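[1] Structure, please.
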Amino acid sequence: MSNRRTVFCNARLIDPASGLDAKGGLLVENGKIADIGPRLFGDAERGDPETIDCKGLVLAPGLIDMRVFTGEPGSEHRETLESASRAAAAGGVATIIVMPNTDPVIDEPSLVDFIRRRAQATASVRVAPMAALTRHLAGEVMTEMGLLKEAGAVAFTDGDRTIANARVLRRALAYASTFGALVVGHAEDPDLAEGTSVTEGEYAMRLGLLAAPSAAETMIVERDIRLVELTGARYHFGQISCRASLEAIAAAKKRGLPITCAVAAHHLALNELDVGSYYTFMKVKPPLRSEADRAAMVEGVASGAIDVIVSSHDPQAADTKRQPFAQAAFGAVGLETLLPVALGLAHDGRADLAHVLKALTATPASILGLNAGTLAKGAPADLVLIDPDAPFVADPDRLHSRARNTPFEGRKFQGHAVMTFVGGECIYDRSAEARKCS
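    Residues are numbered from 1 along each chain as shown. Predicted structure coming up:
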């Protein structure tokens, strides 16, 4: 946390948590937001030790990414907390929520503590762990959620694995509901999806690949909604990807069930045709869907039916992607393209900028109960300065992640993070990086 006094002036302040969208300035003292408002618009005349002229760019809360896979512990060659935090900072993400799918699995309080301590020692952004919902992610015996929560777990999930046994999930939900814990589920019927790599349809048939219907997702969505209805537990779908799932969740929300959901950035910008000639960087879980489903995901974000946008950052080593499509690993890196993809919704006129940023800041903070995602006085000074109009090309060679498996290779975007701050400290400055590269 910074002890300096920093003034941000000439900014477009966007705070989705309060509805603020105005020209003004922001004052940071001792790592926290001390003042904010239009009256600070040109506050650069007091001899402040550090004044940052935002030049009319957007100053918003640092982004919160609710779905990040890393390789630490166990597969540090894929990604460490340190390298993931560098990628996050470059993408304007101030807080990453890491999944328990590591080796060993994060299913013991000591391992939750390890993640927190390791992050404090090596990561530049804030790191909060989710713990496993079942032991060893096996879907058979639930973990000691109470102890894991005391150790610092912000939610419970089996990551990219579905709990097939409805009885086990019901018991876990019932237990979680007794102390208000959040359960995060993966919606994909494991039997229908086994051995498949793309979405069932004409294009999959042309490729000659084993495919699963999008109903494999919706079936689990509908099952889990029924279990939430039985138990009253707080439940979040880690990511959805098709219209039928969205409609089921929207109907459940109307009935007052405590359900939220997210969509991965690649499901907002890509469809099944982008697989092209067996391009394995497009192999993700759940698989890319039809154009109609992709458009439904955009509509869901615009309407608010989808609460959160995530990167679903899942780094893979080169040798696991340089395989025939059916054998290649699932997953794509996404921390650095999360914001550019999301900004595309605002540029297309599908949603206003504040609404898009809310799905990346205030809403995930609210769902997880984090003291973040806001520009309120007294809040931690986790900030991102955004140039929403600057060109950005997704160049794998310039990614900060250890992995390079981006599905957006060479894609041109409009808008990116310029500077990222955590606790008032600048952890990323794009202009400074550009000068080093020149």
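[2] quick one, helices of the stretch 251-400 of the chain?
    265-269, 291-303, 318-321, 338-347, 353-358, 362-368 (DSSP state H, counting those that start in this stretch).
[3] Nearest approach to Pro388 belongs to which of these?
    Among the helices of the stretch 251-400 of the chain, helix 338-347 comes nearest to Pro388, with 5.7 Å by C-beta to C-beta. Every residue, glycine included, has its C-beta placed from N, CA and C.
[4] now that closest one, how far from the chain's geometric center?
    With C-alpha atoms, centre = their mean, to the nearest Å as the basis, helix 338-347 stands 13 Å off its chain's centre.
[5] Hmm, Ile306 and Ala262 touching each other?
    Yes: look at Ala262 against Ile306 with C-beta atoms under 8 Å: they come within range, at 6.8 Å.
[6] Need the overlap of contacts for these two.
    Shared contacts of Ala262 and Ile306, defined by C-beta atoms under 8 Å, 6 or more residues apart in numbering, comprise Ile240.
[7] so where do the strands sit in the stretch 101-250 of the chain?
    For the stretch 101-250 of the chain, the strands defined by DSSP state E, counting those that start in this stretch occupy 126-129, 131-132, 156-157, 182-185, 198-199, 211-212, 234-237.
[8] and what of the stretch 251-400 of the chain?
    Counting by DSSP E, counting those that start in this stretch, the strands of the stretch 251-400 of the chain are 259-264, 308-310, 383-393.
[9] Contacts for the second one next, please.
    Judged by C-beta under 8 Å, 6+ apart, the contacts made with strand 308-310 from elsewhere in the structure are 65-67, 238-239, 260-265, 268, 301, 338, 341-342, 356, 359-360, 363-364, 367.
[10] Then the last one?
    Contacts of strand 383-393 with the rest of the structure, by C-beta under 8 Å, 6+ apart, involve 8, 11, 26, 52, 54, 57-63, 92-94, 339-340, 343, 346-347, 353, 375, 410-421.
[11] Can you tell me which of the strands of the stretch 101-250 of the chain is most buried?
    Neighbour counts (mean count of other C-beta atoms under 10 Å) averaged over each of these peak at strand 131-132, with a mean of 28.
[12] Compare the helices of the stretch 251-400 of the chain and say which comes out lowest on pLDDT.
    The minimum mean pLDDT among those belongs to helix 318-321 (a mean of 94).
[13] What about the closest residue to Leu13 other than its chain neighbours, how many residues nearby?
    Leaving out its chain neighbours, the residue that sits closest to Leu13 by C-beta to C-beta, 6 or more residues apart in numbering is Gly24, at 5.0 Å. Residues lying near Gly24 (other C-beta atoms under 10 Å) number 22.
[14] Phi first, then psi, for Gly24.
    phi 170, psi -160 (degrees, to the nearest 10).
[15] Kindly report the same for the one 10 residues further on.
    Torsion angles at Ala34 (phi, psi; degrees, to the nearest 10) stand at phi -100, psi -30.
[16] per-residue confidence for it?
    With respect to pLDDT, Ala34 has a value of 96.
[17] Repeat that for Ser277.
    Note on Ser277: pLDDT of 89.
[18] what's the most buried one of the strands of the stretch 251-400 of the chain?
    Compared across the strands of the stretch 251-400 of the chain, strand 308-310 shows the largest average neighbour count, a mean of 27 (mean count of other C-beta under 10 Å).
[19] That one pairs with which strands, parallel or anti?
    Sheet pairing of strand 308-310 (DSSP bridges) gives strand 259-264 (parallel).
[20] Not including adjacent chain positions, what is the nearest residue to Arg404?
    Of all residues not flanking Arg404 in the chain, Pro396 sits nearest, at 4.2 Å (C-beta to C-beta, 6+ apart).
[21] try Pro258
    What sits nearest to Pro258 in space, not counting adjacent residues and going by C-beta to C-beta, 6+ apart, is Arg234, at 4.7 Å.
[22] Show me the contacts of strand 383-393 that map onto strands.
    Of the contacts of strand 383-393, the ones assigned to strands by DSSP state E are 8, 11, 26, 52, 58-61, 63, 93-94, 412-421.
[23] Please indicate which of those are buried?
    The neighbour count (16 or more other C-beta atoms under 10 Å) marks 8, 11, 26, 52, 58-61, 63, 93-94, 413, 415-421 as buried among the ones in strands among the contacts of strand 383-393.
[24] Could you tell me how far Leu357 is located from Ala432?
    Distance from Leu357 to Ala432, counting by C-beta to C-beta, to the nearest Å: 24 Å.
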